[in-house]
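Undergrad: I would like to see how this sequence folds:
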Amino acid sequence: MHIGILQCGQSPAQLKEALGDYPDMFARMLGGRGFEFRVWHVEGMEFPSDVHDADGWLLTGSRHGAYEDHPFIPPLEDFIRRAYAEGVPQVGICFGHQIIAQALGGKVVKHPGGWAVGAQNYDFDGQSVTLNAWHQDQVAVLPEGAEVVARNDFCENAALIYGDRVFSVQPHPEFDDAFVQGLMDTRAKGIVPQELLDRAASRMGEARDSELLADRIEAFFKQSRARAKGAA
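TA: Sure, this is the predicted structure:
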């Protein structure tokens, strides 16, 4: 199955050589599951020519806000809406989660409660799941057709499902602790409160459920494709 990665941001330059860029992390996380990947750097205005250029789309994180004025955001929103209308499955992570919601009529805001950094516990339909997070923005208003499938006290809309068309999550299943530590070292100074950084540091080394999220993403893509073939 051919998955197109829409790269919406980049790993800090100081971390790329040792830890890779965002597409590398997803290729590792979803490796061995029958997927082939091609990357379009949409942040750099590189877009697919058609929503059917891949069997499914994965939208990465970004340091940008979905509501900010960047050249790539309007065409990306148009692409999301076209893919949704055509029934091409999409998975969004962090910024990807937010920009899909915004493109489909939801609202994204800078959360007044501040940041989520490092290990966070989520309720995924009654199952406790621990994943790394790095965000201040959140989906505040759901678009029509979106159903909440994960939440915690800090992030009410932590994962959304839109039928068989979109699955999106606010945390970062692709981030390991080494990358979170790298972000703390390169992007957090003067931005993230020290109390949150200390809390994140105290949870380094705890088990993460990234494999469980990889299973969910795999199932979503493959089930969506199977239904599309059955309807053809």
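Undergrad: number of nearby residues for residue 198?
TA: By other CB atoms under 10 Å, 10 other residues sit near residue 198. Yep, even glycine has a C-beta here, placed from its N, CA and C like the rest.
Undergrad: try residue 164
TA: With other CB under 10 Å as criterion, residue 164 counts 15.
Undergrad: who's in contact with it?
TA: Residue 164 makes contacts with 87, 89, 220, 223, 224, 227, as judged by CB atoms under 8 Å, 6 or more residues apart in numbering.
Undergrad: nearest to residue 56, of those?
TA: residue 89 (4.3 Å; CB to CB).
Undergrad: can you give me the helices in this structure?
TA: Using DSSP state H, the helices assigned to the chain run over residues 13-19, 22-29, 73-86, 95-103, 177-186, 194-202, 210-231.
Undergrad: rebuild the contacts of residue 164 as CSV, extending it with distance to residue 125 and neighbour count.
TA: Shown next, in CSV, are these (distance: CB to CB, whole Å; neighbours: other CB atoms under 10 Å):
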residue, distance to residue 125, neighbour count
87, 24, 14
89, 19, 28
220, 14, 19
223, 16, 12
224, 19, 23
227, 21, 14
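Undergrad: quick revisit: let me have the helices of the chain in TSV, extended by distance to residue 157.
TA: Formatted as TSV, these follow (distance: least, CB to CB, whole Å):
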stretch	distance to residue 157
helix 13-19	28
helix 22-29	22
helix 73-86	17
helix 95-103	8
helix 177-186	22
helix 194-202	20
helix 210-231	16
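Undergrad: comparing those helices, which comes out most buried?
TA: With neighbours taken as mean count of other CB atoms under 10 Å, the helices of the chain reach their highest mean count in helix 95-103, at a mean of 27.
Undergrad: check what pLDDT residue 227 gets.
TA: The score at residue 227 is 79. That number is its pLDDT.
Undergrad: for residue 121, same thing?
TA: 98.
Undergrad: state the distance from the closest residue to it other than its chain neighbours to residue 207.
TA: Once flanking residues are discounted, residue 121 sits nearest to residue 130: 5.3 Å by CB to CB, 6 or more residues apart in numbering. Distance, residue 130 to residue 207, using CB to CB, to the nearest Å: 7 Å.
Undergrad: the residue nearest to the spatial centre of the chain pairs with what?
TA: Among the residues of the chain, the one closest to the centroid is residue 93, at 0.4 Å (CA atoms, centre = their mean). Beta bridges link residue 93 to residue 169 when assigned by DSSP bridges.
Undergrad: that one and residue 31: what is the separation?
TA: Taking CB to CB, one finds residue 93 at 16 Å from residue 31.
Undergrad: again, but for residue 187
TA: With CB to CB as the criterion, residue 187 and residue 31 are 26 Å apart.
Undergrad: these two: which is more packed in?
TA: The residue with more neighbours, out of residue 187 and residue 31, is residue 187; 15 against 10, by other CB under 10 Å.
Undergrad: what sits against the residue nearest to that one when sequence neighbours are not counted?
TA: What sits nearest to residue 187 in space, not counting adjacent residues and going by CB to CB, 6+ apart, is residue 12, at 6.3 Å. Contact analysis of residue 12 by CB under 8 Å, 6+ apart lists 182, 183, 186, 187.
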